[in-house]
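Engineer: structure, please.
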Amino acid sequence: MHSMLVAPGITFMASDTPSYMEHAPGTNAYSMSLSGDDEATLRGYFEKLSDGATIGQPLTAAPWGDIFGSLTDRFGTPWLVNITGAAQQ
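Structural biologist: Numbering: from 1, shown residues only. You can find the predicted model right below:
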């Protein structure tokens with residue numbers, strides 16, 4: 001199951017664990033994603049989510065041209081943050 005909420009400059013998405021993937025009881029069966037082109041806002045969200053979190057990937061330039069980071073927040077929720085890079089000419 002997937003969900004998506006779109007607002008100016010940012011997209012919030014969530015998904016659960018598909019039936020073909022292993023789910024370990026006691027762990028979250030979902031993940032959250034924030035993406036868009038509003039770099040200041042998305043960096044701010046990443047910074048706030050980082051408080052007490054386990055950082056999987058700091059926000060950094062990604063091979064696909066965006067800025068990407070991942071973490072598991074202090075409540076055990078996994079997050080992905082993707083800041084859209086400049087349009088390629």
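
Engineer: contacts, neighbours, all on C-alpha from now
Structural biologist: Noted.

Engineer: just the strands in this protein please.
Structural biologist: 2-7, 10-16, 30-36, 54-61, 67-72, 78-83 (DSSP state E).

Engineer: export those to TSV and tack on mean neighbour count?
Structural biologist: Below are the strands of the chain laid out as TSV (neighbours: other C-alpha atoms under 10 Å):
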stretch	mean neighbour count
strand 2-7	10
strand 10-16	16
strand 30-36	18
strand 54-61	15
strand 67-72	20
strand 78-83	23
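
Engineer: can I get these in TSV including distance to R43 and mean pLDDT?
Structural biologist: Output for the strands of the chain, formatted as TSV (distance: least, C-alpha to C-alpha, whole Å; pLDDT from 0 to 100):
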stretch	distance to R43	mean pLDDT
strand 2-7	16	73
strand 10-16	12	73
strand 30-36	10	85
strand 54-61	8	96
strand 67-72	10	95
strand 78-83	8	93
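
Engineer: out of those, nearest to E47?
Structural biologist: strand 54-61 (9.5 Å; C-alpha to C-alpha).

Engineer: partners of that closest one in the sheet?
Structural biologist: Here strand 54-61 is paired, per DSSP bridges, with strand 67-72 (antiparallel).
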